[in-house]
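> Here is the input, now give the coordinates:
(one chain, ligands or ions: 1)
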Amino acid sequence: MLLQLATWPEVETYLESSTAVVMPIGSTEQHGPNGLIGTDAICAETIAREMSSRIDVLVGPTLAVGMAQHHLAFPGSITLKPSTLLALVRDVVESLLCHGFSHLYFLNGHGGNVATVGAAFSEVWSTRSFAGSSRATPRLRLRNWWTGARVMALSAELFGNAEGSHATPSEVSLSWYAHADAVKDVSLTPEQAPDGVIRDAADYRRLFPDGRIGSNPGLASVAHGERILAAALEDALEDFQRFTEAD
Ligand code: NI
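All right, here's what the predicted structure looks like:
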């Protein structure tokens, strides 16, 4: 069930049998010359929606803007400051906890969100600890979709070291599978982008002039995206089950 397409009585009924919810979280940022700006949000949302078609789980609205300051030298990128994202995630979590949700599973599409979302979880927990709350501890998890065993094996098989770390052929393929009408036919020079460390926006564009890091998304395809989605779905379902069944 998708929260955006549900009514409040439906959510109230859902809560009688489950208090788990999946929240897709991504980013709106450049993904090189042939990757969609919405890639990270699209990937997380696509996998989360597939989860809801396989199991009875509520999927919340995609948080489509994340912490992406290092991409701001490329037109179209939008970022929240870490402090803004922290406040946003904390408020989303507290809202869901108000209704009785106990297990909040953030399915993440963007590495730049990891530190800040982790800090937001710590804010939620520390607020309860300081208040001396004896209420049940909220179970909060951030899961990067691309780190599952099946996805990593498939990416290695399909792309080897051309996977790189930003604007990867895996994520570009998955976003193209979700939006086949938005596939871009663009030649890439060099085929494989340089690798390195990221800092601020100006530094990023100087070191990685077309936006990619270490990747060759020229290898991306809709057909690969279909396989990557299938692998990511199995990884996510397995991880989600472990999360909801633990203690
Ligand atoms: Ni990405």
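
> For the ion, what's its nearest residue on this protein.
At 4.2 Å from the ion, D40 is the closest residue in the chain, using CB to the ion. Backbone N, C-alpha and C define where each C-beta goes, glycine included.

> That residue contacts L107, correct?
No: using CB atoms under 8 Å as the test, D40 is too far from L107 to be in contact (11.1 Å).

> Looking at the two, which has the bigger crowd around it?
Shown here are D40 and L107; by other CB atoms under 10 Å, D40 has more neighbours (31 against 26).

> Show me what counts as buried in stretch 16-26.
Under the neighbour-count criterion of 16 or more other CB atoms under 10 Å, stretch 16-26 has 18-26 buried.

> Buried residues, the lengthiest helix in the chain. List them.
Assignment by DSSP state H gives helix 222-245 as the longest helix of the chain. Within helix 222-245, the residues that count as buried by 16+ other CB under 10 Å are 224-225, 227-229, 231-237, 239-240, 243-244.

> ok, now stretch 174-187?
Buried residues in stretch 174-187 (16+ other CB under 10 Å): 174-179, 183.

> Can you tell me the number of residues neighbouring G76?
Number of residues near G76 (other CB under 10 Å) recorded here: 13.

> so what's it up against?
By CB atoms under 8 Å, 6 or more residues apart in numbering, the residues touching G76 are 28-30, 37.

> Report pLDDT for S133.
The score at S133 is 84. That number is its pLDDT.

> Wait, a strand at it?
No: assessed by DSSP: H, G, I helix; E, B strand; the rest coil, S133 does not belong to a strand; its assignment is coil.

> That one - how many residues pack around it?
11.

> any idea how far L72 is from it?
In this view, S133 and L72 are 39 Å apart by CB to CB, to the nearest Å.

> surely S77 meets G66?
No: the pair S77 / G66 is not scored as a contact, 10.6 Å apart, by CB under 8 Å.

> Give the intersection of the neighbour lists for those two.
Here S77 and G66 share the contacting residues 28-29, scored by CB under 8 Å, 6+ apart.

> Of the two, which one has the most company?
Per other CB under 10 Å, whichever of S77 and G66 has more neighbours is G66, with 28 against 20.

> Excluding chain neighbours, what is closest to that one?
The shortest distance from G66 to any non-neighbouring residue, by CB to CB, 6 or more residues apart in numbering, is to S27 (3.8 Å).

> Pull up the residues of this structure that are close to the ion.
Applying CB under 5 Å from the ion, we find that the chain lies next to the ion at 39-40, 171.

> and A246, how many residues sit next to it?
Neighbours around A246, by other CB under 10 Å: 9.

> and it, how far is that from E191?
Look at A246 and E191: by CB to CB, they are 43 Å apart.
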